[in-house]
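Asks: My questions concern the predicted model and sequence given below.
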Amino acid sequence: FPFFLSVHHENEKNFDLGVAFGSWLVTVIHAHLNARWYAEYGKHLVAINVDKKRRGGKRYKWTCTWRFRIGLVLYYLGLASVIYHDHIMRTLRPCPNNA
C-alpha cells in the first residue's frame with residue numbers, strides 16, 4: 001500500500017534503494033518458484049469441459065466449490081482488515097513537524 005504513505009520533506013533520504021531492489025529480487029524468486037510448483041502440481045486446475053450447453057462449455061469446476069468461495073471471502077476480509085489496521089497505525093504515528 002505504498003500510495004497511502006506520507007513523505008515528510010524535511011528528511012529527503014527516508015528510503016534506501018537497496019530495500020527496493022532486495023524486495024524485487026525476493027518477489028521474482030517467489031514468482032518463479034510458484035510458477036514451477038503450479039506447472040508441476042497444478043494440472044488439476046485447468047479448465048475442464050463440464051457442460052457445453054452452459055456458459056460456453058468450459059468452466060473451472062474448483063471455483064464452484066464451497067471451500068473456494070469461503071476462502072475467497074476470508075481472503076478479502078483479511079485484506080480489508082490489513083488496510084483498516086494500517087490506517088489506524090498511520091494515524092497513530094506522530095508527524096515530525098508536530099513534535
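Replies: Perfect, thanks for sending it. Note that the structure is predicted; figures quoted are calculated from it, not measured.

Asks: how about the helices in the protein?
Replies: 17-41, 66-92 (DSSP state H).

Asks: got the ones you listed as JSON lines, with mean pLDDT and mean neighbour count columns?
Replies: Heads up, the C-betas are built off the backbone N, CA and C, glycines and all. Below are those laid out as JSON lines (pLDDT from 0 to 100; neighbours: other C-beta atoms under 10 Å):
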{"stretch": "helix 17-41", "mean pLDDT": "90", "mean neighbour count": "10"}
{"stretch": "helix 66-92", "mean pLDDT": "92", "mean neighbour count": "10"}
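
Asks: what's the spacing between Ala35 and Tyr41?
Replies: 12 Å (C-beta to C-beta, to the nearest Å).

Asks: Overlap of the contact sets of these two?
Replies: Among the neighbours of Ala35, none is also in contact with Tyr41 (C-beta atoms under 8 Å, 6 or more residues apart in numbering).

Asks: avg pLDDT for stretch 43-59?
Replies: The average pLDDT within stretch 43-59 is 58.
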